[in-house]
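>>> Could you look at this predicted model? Sequence included:
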Amino acid sequence: MSDLHRNLELLRRITGLGKSEFSELLGVRNIYRNDIKYIGYRPLQAIKENFTGVDEGWLSTYHETLSDGIIFTPRKPLPGQSYCRPDDNSVINRAAEEMDQYQARAIMLTSKVMTSRHKEIGKALMKNLEEFAEAVSTKDELARCNVKLEEQDKKIREMDGEIKHLKKQVEELLKREPQCDSAAPGDTTPVTEEKAM
């Protein structure tokens, strides 16, 4: 593997992208072709835009690992991601763009820690990430349960309304005067002479 290809692979690892997505980020079809001996203008510009601390000299020199000065700072959404472009300076569009920048920074920082030579820090980060992922799953499950509870509460309120309506109708029926000599309120059956005696 050439120094160029080794260094490109080091850069790709901190992005979390596959080889084809990484090539797309650099604006070429396949940056991993064996016949590529030097970096072209377009991929070099894309690397300079997306990676702090990388230039043509760094790319052509052998590196075992990334140095601390190299940071992945994507200038646009990564391949496969998108966000709303602010066309009217709306709060929603700006918030979406800021969130994508926040996520990209989180990915970059995570990549930097995970690819560093300090493996114990990477393990600690992984443990924290797993715990956070579990907490997110739990919170998502709670949110789904809350939606179901709200639906059930709505049904109960509707049933309460129906019960109140029926209760009101029953009370109105019971308030009616008996039309005959019956002792039971609401009884409308005529009393026969035999029963009267």
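Received, thanks.
>>> and Phe22, how many neighbours?
22 (other C-beta atoms under 10 Å). For every residue, glycine as well, the C-beta is placed using N, CA and C.
>>> which stretch of helix or strand covers it?
Assigned by DSSP states H and E, Phe22 belongs to helix 19-25.
>>> what about the longest helix along the chain, distance to the chain center?
Longest helix in the chain, counting residues (DSSP state H): helix 119-175. From the chain centre to the centre of helix 119-175 is a distance of 20 Å (C-alpha atoms, centre = their mean, to the nearest Å).
>>> what's that helix packed up against?
helix 91-114 (3 or more C-beta pairs under 8 Å, 6 or more residues apart in numbering; DSSP states H and E).
>>> mind listing what Trp58 touches?
Contacts for Trp58 (C-beta atoms under 8 Å, 6 or more residues apart in numbering) come out as 7, 70.
>>> what's the following helix or strand after the helix or strand that contains it?
Per DSSP H and E: Trp58 is located in helix 56-59. Moving toward the C-terminus from helix 56-59, the next helix or strand (DSSP H and E) is strand 71-72.
>>> residues making contact with that following strand?
Against strand 71-72 from outside (C-beta under 8 Å, 6+ apart): 11, 14-15, 50-53, 107-108, 111-112.
>>> one more time with 7 Å, if that's ok
Strand 71-72 is contacted from outside by 14-15, 50-53, 108, 111-112, using C-beta atoms under 7 Å, 6 or more residues apart in numbering.
>>> So what are the sheet partners of it and their directions?
Using DSSP bridges, the strands paired with strand 71-72 are strand 51-52 (antiparallel).
>>> pLDDT on the strand it pairs with, on average?
For strand 51-52, the mean per-residue pLDDT is 82.
>>> how distant is that strand from the center of its chain?
How far strand 51-52 lies from its chain's middle: 27 Å, per C-alpha atoms, centre = their mean.
>>> how far away is Lys19 from Arg12?
7 Å (C-beta to C-beta, to the nearest Å).
>>> Give the residue from those two that has the larger number of neighbours.
Arg12 (20 against 13).
>>> Can you redo the contacts of strand 71-72 as TSV, where the extra columns are neighbour count and distance to Gln152?
TSV is the format used below for the contacts of strand 71-72 (neighbours: other C-beta atoms under 10 Å; distance: C-beta to C-beta, whole Å):
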residue	neighbour count	distance to Gln152
Ile14	22	47
Thr15	20	45
Asn50	21	49
Phe51	21	52
Thr52	12	52
Gly53	13	56
Met108	20	43
Ser111	18	44
Lys112	15	47
